[in-house]
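Student: Sequence and predicted structure below; questions after.
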Amino acid sequence: MTAVILDGKQVAAEIRADLAKEVADFVAGGAPPPCLTAVLVGEDPASQVYVRNKARACEKAGIDGRTHRLPADAGQDELMALIAELNTDTNVNGILVQLPLPTGSGVDYDEREILDAIDPLKDVDAFSPVNVGLLMQGRPRFLPCTPHGIVQLLGRSNLSVAGKKVCVVGRSDIVGKPMAMMLAQKNGSCGPDVANATVTIAHSRTENLAEVCREADCLIAAVGRPEMITGDMIKPGAIVIDVGINRVGDKLVGDVAFDQAKEIAAAITPVPGGVGPLTIAMLLHNTLAAAKLQSG
Ligand code: GUN
């Protein structure tokens, strides 16, 4: 079997085109363009690329994308003061603090305190405890961008996981945990056809990981370890979603050994060009949603 390649770039382009129209309608109704402000602390090269890509995507969608840059050693108080300022600035609809925060600059950042300080109505990453809680209860205000992108990719590729076994490998707050919760929802609150999956969360301490993965009709890898999901861990005919973006030498590889997996799976996301582009598309979606919430 050779898997269908799920083209995240294409799906993200569709979502962004729809979104640009929605933004134009919103602005035509008399509202200012939605404004997303990213905060970049330090000069991590990968973070700089992400933030630049976000700014570019905003511009194409008609969103006012701003970036605040702070030096790596700015310190907790300066960052907290900036968040407080952005919270009260009525021109700013969405706030995103680019992670990870720098280490090794002589300043230790308390990431939890910083994320908790973002006004939940401007929390377009959906990282705040309030927004995580609302998602847990099946009444999300914002959906976290990467899991939401995966849901969109599945839905727009006519792949339903309702009633199916899904294994999420990885238990991060950004991807693994919310992904599992969204797919297990009862009421479809997280998008069409994505509720009612039977979800397993696997991780580095899971016994017999290969066996657990091999049971899954849909395997979602979000561990950040290059090509750790090998062909023998995949059920023939499964859907394989690869969230990993790992730099190995001068190449980007996912968490899945793609060449092996594509011979076994029915459908698979490539790296790059799979899940990655969808994350930014859903961030733009949340920024418009935030602007609408704040205008109403
Ligand atoms: N760093 C890597 N992914 C993300 C993300 O989705 N949001 C933020 N704020 N930082 C990130």
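Tutor: Alright, I've got the coordinates. Source: prediction; values computed, not measured.
Student: ranges for the strands of the stretch 1-150 of the chain?
Tutor: Using DSSP state E, counting those that start in this stretch, the strands found in the stretch 1-150 of the chain span residues 4-5, 35-41, 64-70, 94-97.
Student: What is the burial count for the residue of the chain found nearest the ligand?
Tutor: Distance from the ligand to each residue of the chain (CB to the nearest ligand atom) is smallest for L99, at 3.7 Å. (Each C-beta comes from the backbone N, C-alpha and C, glycine too.) The number of residues packed around L99, counting by other CB atoms under 10 Å, is 15.
Student: do D232 as well
Tutor: D232 has 12 neighbours, counted by other CB under 10 Å.
Student: Could you give the backbone dihedrals for it?
Tutor: D232 has phi and psi values of phi -70, psi -10 when expressed as degrees, to the nearest 10.
Student: mind checking how far it is from K165?
Tutor: 18 Å (CB to CB, to the nearest Å).
Student: And for L19?
Tutor: From L19 over to K165 the distance is 32 Å, taken as CB to CB.
Student: In terms of neighbours, single out the busier of the two.
Tutor: The residue with the greater number of neighbours, taking L19 and K165 and applying other CB under 10 Å, is L19; the counts read 21 against 17.
Student: wait, isn't the more buried one in contact with L284?
Tutor: Yes. L19 lies in contact with L284 (CB atoms under 8 Å); the separation is 5.4 Å.
Student: Up against the ligand, what does the stretch 101-250 of the chain have?
Tutor: Taking CB under 6 Å from any ligand atom as the contact definition, the stretch 101-250 of the chain meets the ligand at 125, 145-146, 174.
Student: Could you tell me which of those residues are located in helices?
Tutor: The helices in this structure, assigned by DSSP state H, contain 145-146 from those.
Student: Redo the residues of the stretch 101-250 of the chain next to the ligand as CSV? Include pLDDT and distance to T67.
Tutor: Formatted as CSV, those follow (pLDDT from 0 to 100; distance: CB to CB, whole Å):
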residue, pLDDT, distance to T67
D125, 98, 15
C145, 98, 17
T146, 98, 20
I174, 96, 20
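Student: Nearest residue to the middle of this protein?
Tutor: When the chain is reduced to its mean C-alpha position, the nearest residue by CA atoms, centre = their mean turns out to be T146, at 1.8 Å.
Student: OK, contacts around that residue?
Tutor: 174-175, 179, 222, 243, 275, 278-279, 282 (CB atoms under 8 Å, 6 or more residues apart in numbering).
Student: What is the most widely separated pair among those residues?
Tutor: A222 and M282 (15.2 Å; CB to CB).
Student: what sits against Q76?
Tutor: Here Q76 is in contact with 107-110, 113-114 (criterion: CB under 8 Å, 6+ apart).
Student: One more: I83?
Tutor: Residues 39, 95, 97, 114, 117-118 are the ones in contact with I83 under the rule CB under 8 Å, 6+ apart.
Student: By neighbour count, which of those residues wins?
Tutor: When neighbours are taken as other CB under 10 Å, the top entry among the contacts of I83 is I95 (26 neighbours).
Student: Okay, and the beta partners of that residue?
Tutor: Here I95 shows beta-bridge partners T37, D123, assigned using DSSP bridges.
Student: quick one: it from V168, how far?
Tutor: Per CB to CB, I95 is found 27 Å from V168.
Student: all helices of the stretch 51-200 of the chain, in order?
Tutor: In order along the chain, the stretch 51-200 of the chain carries the following helices (DSSP state H, counting those that start in this stretch): 76-88, 111-117, 129-136, 145-156, 176-184.
Student: Now look at the longest one and say if it contacts the ligand.
Tutor: Pointing back at helix 76-88 there. No. For a cut-off given as CB under 6 Å from any ligand atom, helix 76-88 has no contacts with the ligand; the smallest distance is 12.6 Å.
Student: so who does the residue sitting furthest away from the middle of the chain touch?
Tutor: Distance to the chain centre peaks in the chain at G30, reaching 30.3 Å (criterion: CA atoms, centre = their mean). Applying CB under 8 Å, 6+ apart, one finds that G30 lies in contact with no residue.
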